[in-house]
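**Student:** Attaching a predicted model along with its sequence, questions to come.
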Amino acid sequence: MEQRRIMGHFATGVTVVTTCYEDQPQGMTANAVASLSLDPPLILVSVDVKAQMNACLKASDCFAVNILTEEQEEISVRFARHGPKDFSGIAYRTEATGSPVLEQALAYVDCRVTEILQGGDHDIFIGEIVAGGAGQGRPLVFYGGQYGTLSG
Ligand SMILES: Cc1cc2nc3c(=O)[nH]c(=O)nc-3n(C[C@H](O)[C@H](O)[C@H](O)COP(=O)(O)O)c2cc1C
């Protein structure tokens, strides 16, 4: 699609958005993520209405955004596949909301959903940040439909 090709020129980081649904960890690779407001501290993530994660987020009312490092491309690929997501071999903990926070993430924010807006075939989940942190490392990058790393 032309929009995808054009907007693919906008280089982004890569995240795994997680939540806990029916006592099971859920996750989805996402790059349609943005910092929305500082006061109050809000972020947004745009989620396909057809994605499993959409219903999970509506039910759980919370999510964590885990920003991936350049070593975590395999995790991004894993959480971008359709169907049930496999957390095996991935260390995680919970913080304020119960959403999984990946131990090896470059940074994370843990959020409570405050609003859900409709945006065509996606919903925009706005979350208030209730916990967060950042570690050491280099980000995984997505550009032109390909994974990459920062040089320099
Ligand atoms: C780099 C990358 C970024 C993505 N960003 C988003 C996004 O922001 N929102 C979204 O709904 N899907 C996004 N996807 C697609 C979802 O990860 C994918 O459709 C989802 O995991 C499918 O799971 P499900 O059909 O089992 O729900 C992205 C995929 C990749 C590879």
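**Tutor:** All right, it came through fine. Numbers count the residues shown, from 1 in each chain.

**Student:** can you tell me the distance between the two ends of stretch 39-55?
**Tutor:** End-to-end span of stretch 39-55 (CA to CA, to the nearest Å): 28 Å.

**Student:** anything in it near the ligand?
**Tutor:** Yes - under the criterion of CB under 6 Å from any ligand atom, stretch 39-55 makes contact with the ligand via Ser46, Val47, Asp48, Ala51, Gln52, Met53. In short, each C-beta sits where N, CA and C put it, glycine included.

**Student:** and the most centrally placed residue in the chain, what does it touch?
**Tutor:** Geometric centre of the chain, nearest residue: Val17, 2.8 Å, by CA atoms, centre = their mean. Neighbouring residues of Val17 by CB atoms under 8 Å, 6 or more residues apart in numbering: 27-30, 33, 45, 47, 53, 57, 63-66.

**Student:** Identify those among those residues that sit within helices.
**Tutor:** Judged by DSSP state H, the contacts of Val17 include Met53, Leu57 as members of helices.

**Student:** Using a markdown table, lay out the contacts of Val17 together with pLDDT and distance to Met7.
**Tutor:** Listed next are the contacts of Val17 as a markdown table, based on pLDDT from 0 to 100; distance: CB to CB, whole Å:
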| residue | pLDDT | distance to Met7 |
| --- | --- | --- |
| Gly27 | 98 | 23 |
| Met28 | 98 | 19 |
| Thr29 | 98 | 16 |
| Ala30 | 98 | 14 |
| Val33 | 98 | 14 |
| Val45 | 98 | 16 |
| Val47 | 98 | 17 |
| Met53 | 97 | 21 |
| Leu57 | 98 | 23 |
| Phe63 | 98 | 23 |
| Ala64 | 98 | 25 |
| Val65 | 98 | 20 |
| Asn66 | 98 | 22 |
